[in-house]
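Undergrad: fold the stuff below for me.
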Amino acid sequence: MGLHIESGHPVMADAQRVSGDKVRFVTDDGRTMFEVGVGRDGRSIEVRGVETTKHDGQIYDCWLLLQPGSSNAVTVRTVRYESA
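TA: A predicted model of the protein is given here:
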């Protein structure tokens, strides 16, 4: 069985397999901030910033910042848009 995407958690007995190999994180206006998919090697994920989005009155670019949290956790965030 290959790597797949689930929502929920086994501890809460609500885990459900998500069809497909990508999920999108979408803002209230329908724009995609992040897209996360299974890597081609079957043991990684690929995270993309997709569109310029608006959240809490601020505009964010599709650039990504990766911030290590510990040996098994990272935070991925977008960058606030700065016009030139």
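Undergrad: how about the strands in this structure?
TA: With DSSP state E, the ranges of strands along the chain come out as 5-7, 16-18, 22-26, 32-38, 45-49, 53-55, 58-70, 73-80.
Undergrad: which parts of the fifth one are buried?
TA: Taking 16 or more other C-beta atoms under 10 Å as the basis for neighbour counts, the residues of strand 45-49 that come out buried are Gly49. All C-beta spots, glycine's among them, are computed from the backbone N, C-alpha and C.
Undergrad: could you dump the strands of the chain into CSV and include mean pLDDT?
TA: Converted to CSV, those look like this (pLDDT from 0 to 100):
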stretch, mean pLDDT
strand 5-7, 89
strand 16-18, 91
strand 22-26, 94
strand 32-38, 94
strand 45-49, 95
strand 53-55, 91
strand 58-70, 94
strand 73-80, 95
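Undergrad: count of residues packed around the closest residue to Val79 other than its chain neighbours?
TA: In space, and not counting its chain neighbours, Val79 is closest to Trp63: 4.4 Å by C-beta to C-beta, 6 or more residues apart in numbering. If you count neighbours by other C-beta atoms under 10 Å, Trp63 ends up with 12.
Undergrad: Trp63 against Gly49, yeah?
TA: Yes: using C-beta atoms under 8 Å, Trp63 is in contact with Gly49, at 6.0 Å.
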